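Q: the following block contains a protein sequence and its predicted model.
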Amino acid sequence: MDSVAAGGALRVQGVSLDRIRADFPLLTRTVGGKSLVYLDNAATSQKPRAVIDAVSRFYAFENANVHRAIHRLGEEATASFEAARESVRSFLGAQKKSEIIFTRGTTESINLVARSWGVANLREGDSVLISGMEHHSDIVPWQLLAAETGCALRYIPIEEDGTIDLGRLARDWDPRTRIVGIVQASNVLGTVNDVRSIAAIAHERGALVLVDGAQSAPHLRVDVGDIDCDFFAFSSHKVYGPMGMGVLYGKEALLEAMPPWMGGGEMIRSVGLQESTWNDLPWKFEAGTPNVEGAVGLAAAIGYVESLGFERIETIENELTEYALRILPATKGLRLFGSAPRRAPVFSFTMEGIHAHDLAQYLDREGIAVRAGHHCAQPLMRSLGVSATVRASLAFYNTKREIELLAQALEGAARFYA
Amino acid sequence: MSDFDELYQEIILDHYRSPRGAAVLDHIPQSMVHENPTCGDSIKLEVILAADGTIDAVRFENKGCAISTASASMLTEFVHGRTVGRARELAQGFIGALSGEGPAETLDAMGDLVAFRGVRAFPARVKCATLAWHAFLAAVGDPAS
């Protein structure tokens, strides 16, 4: 392996890091006269030229509605849309295209499961089990479901280092649990959970498993067959694709048995005056004109990520992570949250005596974009005993130099607010 | 002056480092806390009236950034000795000037509070700068709400 640390032309597995970075036009811009240092990738990733061009090309040459047109353009748009579904199937390691449902994002995907599977299957006396490190998108849909069906919502506790104790999970298992919602990579702690083992524990006890892959899909190879999860959700915009586009993977037998959750065009087979029959999977869950540009752009993003390869992505990101974990904690007054052995390049921290918003504002002055606040994970923040943290989250196009600039700016902020 | 320097003026940093009117207000129940949901900042505030009905003192207990702490601190000085009615009008003017719902020039006649004009360039921080003022309006009874 070549090293990210080597001087001169930095190459990883034969590809120059400068060339990878040059694929992302936005990274060349300045903010307030400083070069942009974009460290808010867990909020959204930047887009490679390949994605921008694919969306632009779609509107310039292929735009038509999908599935209904008896004309060439409509057929081409439909072919592109369904080819995108095939890209996603292969990206996730799913067996069938019918198991890939297009949504607006992770949030909508989880809501789909709660509204459709949840309402049809859960009753008073049943339990939904989620972890204490879930994003609000894997909490609130279950709260709404609990209020409607009378089922209980219970939490898997988080250990001191920001991990889940699998032995404890198995020991403390609530036999009323019908489904487990678990984030594969925490957007606050960076913890990568062993979702494969969690799925095994749940399945042995008769519960389903939904994996929130919003923060994992950008960083590691997902294989839904290997995890053996029942549902998997992720968002396009965090894997270098367009916003407003997402995916729900579900096992075919489950999806077949689930009722539609939104009615409209495309999801029907036949509509009568009083009742209708439903389309086949996956279209049963795709009412209305879909986000075709989003699907086309997501396919381009997947193409880009696959051409880079997760082996290379993990090599770069692991080296950046090791560097960040060496440099950042050396900053005086810095407290880093989460020390899981397996982690995504996400670093949440506070600085003694400086509020997260003041810190982020100072970093912004230096051209450094981070996130400050509760990161849509208020229950987790409460258990950490903080109301807000600053979060720096990296992608493979970030550099060690940028981590150094962050560390320098943190020192500057400490002096400024002292 | 850059937008950042305009936002974090020396007078704001001074009030942040040594806030006036800061106190421990354990007697005020948690249900009276005002919060900024986007960042989890919170403030408790009490207004003490003199026998003639003017404001004798404002005290606050908060968790917050430099902007929200300095704003609360400067509020305690600004409304001291004013009638409740006048202080309420001024608080509404301050909030309006920062939120953009009222004229920005209002700040020019508000003494040191003019330092907060820089907040208008940072829409995400307007809530920080106005949290204490909303808490103040709630404490004195805002006829508009």
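A: Right, received. Where do you want to start?

Q: identify the residue of chain A closest to chain B, quick one.
A: The nearest approach of chain A to chain B comes at A:S387, 3.0 Å away (CB to the nearest CB). For glycine as for every other residue, the C-beta is placed from the backbone atoms N, C-alpha and C.

Q: quick one, what contacts that residue?
A: A:H374, A:M381, B:C39, B:G40, B:D41, B:S42, B:K63 (CB atoms under 8 Å, 6 or more residues apart in numbering or on different chains).

Q: any chance of the backbone angles for it?
A: The phi and psi values for A:S387, taken as degrees, to the nearest 10, are phi -90, psi -20.

Q: distance of it from A:A414?
A: Computed with CB to CB, to the nearest Å, the distance linking A:S387 and A:A414 is 20 Å.

Q: leaving out the residues flanking it, which one is nearest to B:G81?
A: Excluding the flanking residues, the one nearest B:G81 by CB to CB, 6 or more residues apart in numbering or on different chains is B:T54, at 5.7 Å.

Q: neighbours of the one you found, how many?
A: 15 (other CB atoms under 10 Å in any protein chain shown).

Q: tell me if I'm right that it and B:R86 touch.
A: No: B:T54 is not in contact with B:R86 according to CB atoms under 8 Å; the separation is 9.0 Å.

Q: just to revisit the earlier point, how about the contacts made by the residue nearest to B:G81?
A: Going by CB under 8 Å, 6+ apart, B:T54 touches B:G81, B:R82, B:T83, B:V84.

Q: tally of neighbours for A:P48?
A: 25.

Q: need the pLDDT of the residue nearest to the spatial centre of chain A.
A: Geometric centre of chain A, nearest residue: A:A214, 1.2 Å, by CA atoms, centre = their mean. As predicted, A:A214 sits at a pLDDT of 98.

Q: check what pLDDT the closest residue to it other than its chain neighbours gets.
A: Nearest residue to A:A214, sequence neighbours excluded (CB to CB, 6+ apart): A:T106, at 4.2 Å. pLDDT, A:T106: 98.

Q: which residue sits farthest out from the middle of chain A?
A: In chain A, by CA atoms, centre = their mean, A:L273 is the one farthest from centre (40.6 Å).

Q: tell me who's in contact with that residue.
A: Counting by CB under 8 Å, 6+ apart, A:L273 has no contacts.

Q: tell me the secondary structure at it.
A: Assigned state for A:L273: coil (three-state reduction, DSSP: H, G, I helix; E, B strand; the rest coil).

Q: spit out the contact partners of residue 108.
A: Looking at chain A here, since you left the chain open. A:G246, A:L248.

Q: my question was about chain B
A: B:V114.

Q: wait, a strand at A:S56?
A: No: A:S56: not assigned to a strand; according to three-state DSSP it is helix.

Q: quick one, grab the pLDDT at it.
A: 98.

Q: phi first, then psi, for the residue in chain B positioned nearest to chain A.
A: Nearest residue of chain B to chain A: B:G40, at 3.0 Å (CB to the nearest CB). Taking degrees, to the nearest 10, you get phi 80, psi 10 for the backbone angles of B:G40.

Q: also the one 10 residues further on?
A: According to degrees, to the nearest 10, the main-chain angles of B:A50 amount to phi -80, psi 170.

Q: that one and B:R82 touch, don't they?
A: No: look at B:A50 against B:R82 with CB under 8 Å: they stay out of range, at 10.7 Å.

Q: pLDDT averaged over stretch B:95-110, what's the number?
A: 94.

Q: quick one, helices of the stretch 201-350 of chain A?
A: For the stretch 201-350 of chain A, the helices defined by DSSP state H, counting those that start in this stretch occupy A:224-227, A:252-257, A:292-308, A:310-327.

Q: export those helices as a markdown table, with columns for mean pLDDT and mean neighbour count.
A: Shown next, in a markdown table, are these (pLDDT from 0 to 100; neighbours: other CB atoms under 10 Å in any protein chain shown):
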| stretch | mean pLDDT | mean neighbour count |
| --- | --- | --- |
| helix A:224-227 | 98 | 17 |
| helix A:252-257 | 98 | 15 |
| helix A:292-308 | 98 | 22 |
| helix A:310-327 | 97 | 17 |
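
Q: tell me the secondary structure for the residue nearest to A:H135 when sequence neighbours are not counted?
A: Closest residue in space to A:H135, ignoring its immediate chain neighbours: A:C376 at 5.2 Å, by CB to CB, 6+ apart. Three-state call for A:C376 (three-state DSSP): coil.

Q: now do A:C376: how many residues are near it, please.
A: 19.

Q: wait, what's in contact with it?
A: A:H135, A:H136, A:S137, A:N187.

Q: sweet, I'm off.
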